[in-house]
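> Kindly return the folded structure for what I paste below:
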Amino acid sequence: MPPAGAGRDYQLWAVDANHKDPINAGIIHVEPNGVTRVRFKPDQDASQIKAFAISLEREGGVPKREGPIVMIGNA
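A predicted model of the protein is given here:
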């Protein structure tokens with residue numbers, strides 16, 4: 001992945017059938033070589049995940065998605 005840019009972070013979201021809005025699952029830190037590791041830890045119960053998404057957000061992340069989705073995949 002390319003670096004998020006100054007003042008920005010990638011943020012992981014879990015799309016869960018039991019929640020109206022995507023669930024914050026943490027910040028994704030990208031190494032200078034483009035490699036990243038993600039530790040998935042939703043901040044709410046996520047027992048019916050149907051997809052994951054990555055968005056570009058303000059540095060430090062946001063409680064509710066604001067920025068553009070840059071990647072999405074089905075669970």
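
> how about the residue most central in space within the chain, secondary structure?
The centroid of the chain falls nearest to Leu12 when counting by C-alpha atoms, centre = their mean (1.2 Å). Classification of Leu12 by DSSP: H, G, I helix; E, B strand; the rest coil places it in strand.

> Okay, and the beta partners of it?
Gly26, Ile54 (DSSP bridges).

> Pull the contacting residues for it.
By C-beta atoms under 8 Å, 6 or more residues apart in numbering, the residues touching Leu12 are 24-28, 38, 40, 52-54. For the C-beta atoms, the positions are set from N, CA and C on the backbone; glycine is no exception.

> Quick check on those: which are buried?
24-28, 52-54 (16 or more other C-beta atoms under 10 Å).

> Tabulate the contacts of Leu12 (a markdown table), appending distance to Ala75 and pLDDT.
Converted to a markdown table, the contacts of Leu12 look like this (distance: C-beta to C-beta, whole Å; pLDDT from 0 to 100):
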| residue | distance to Ala75 | pLDDT |
| --- | --- | --- |
| Asn24 | 16 | 93 |
| Ala25 | 11 | 93 |
| Gly26 | 16 | 91 |
| Ile27 | 20 | 93 |
| Ile28 | 17 | 92 |
| Val38 | 14 | 80 |
| Phe40 | 11 | 78 |
| Phe52 | 6 | 94 |
| Ala53 | 11 | 96 |
| Ile54 | 14 | 96 |
